[in-house]
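Enquirer: just the structure for this:
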Amino acid sequence: MSRSRINGNFIDKTFSIVANILLRIIPTTSGEKEAFAYYRDGMSAQSEGNYAEALQNYYEAMRLEIDPYDRSYILYNIGLIHTRNGEHTKALEYYFRALERNPFLPQAFNNMAVICHYRGEQAIRQGDSEIAEAWFDQAAEYWKQALALTPGNYIEAQNWLKITGRFE
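Expert: Numbering: from 1, shown residues only. Take a look at the predicted model:
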């Protein structure tokens, strides 16, 4: 039985019902349907904190999915899991890969900025202000890209950019 069928979460059930209806009425290939089923099961596992299972489903969805736009969201979600697990280098790699396929993912730019900002704070704690500034500058660039795509979002980032003199 697929994961989405045994999940008790109302939102997941609602999503699954709507997704199943859409899959029936929108003309898609069996491969696309199977890829989406893995993606949906990955999201369900991820929402429950079952990251290893989520990754398995996302990797299988990547194997089947051919659409670059859809692949970008799978890659983004893999990046989220690596971020959550503290694997920031891997997370950045997956966010980059997602953006290569879909440059209009402000959430990927934001997450990349958060990681860079975190690394800047780590460098400060280690007494390396030069490295910290480089990380903060990189975070600023990613936040600017996120804000360019969604000007009304990321208010805290916007304030940080203004306070630190990085907002142009």
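
Enquirer: can you list the low-confidence ranges for the chain?
Expert: Low-confidence segments of the chain, defined by pLDDT under 70: 1-13, 15-16, 19-20, 22-27.

Enquirer: which stretches in it count as helices?
Expert: Assigned by DSSP state H, the helices in the chain fall at 3-6, 10-25, 30-47, 51-64, 68-84, 88-101, 106-125, 129-149, 155-163.

Enquirer: got these as JSON lines, with mean neighbour count columns?
Expert: Just so you know, the C-beta spots here come from the backbone N, C-alpha and C atoms, and that holds for glycine as well. As requested, the helices of the chain are arranged in JSON lines below (neighbours: other Cβ atoms under 10 Å):
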{"stretch": "helix 3-6", "mean neighbour count": "15"}
{"stretch": "helix 10-25", "mean neighbour count": "12"}
{"stretch": "helix 30-47", "mean neighbour count": "19"}
{"stretch": "helix 51-64", "mean neighbour count": "18"}
{"stretch": "helix 68-84", "mean neighbour count": "20"}
{"stretch": "helix 88-101", "mean neighbour count": "18"}
{"stretch": "helix 106-125", "mean neighbour count": "20"}
{"stretch": "helix 129-149", "mean neighbour count": "18"}
{"stretch": "helix 155-163", "mean neighbour count": "14"}
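
Enquirer: against Tyr154, how distant is Tyr118?
Expert: Computed with Cβ to Cβ, to the nearest Å, the distance linking Tyr118 and Tyr154 is 16 Å.

Enquirer: residues touching the residue nearest to Glu121 when sequence neighbours are not counted, list them.
Expert: The shortest distance from Glu121 to any residue other than its chain neighbours is 7.4 Å, reached at Ala132 (Cβ to Cβ, 6 or more residues apart in numbering). Each residue near Ala132 by Cβ atoms under 8 Å, 6 or more residues apart in numbering is listed here: Gly120, Glu121, Ala123, Ile124.
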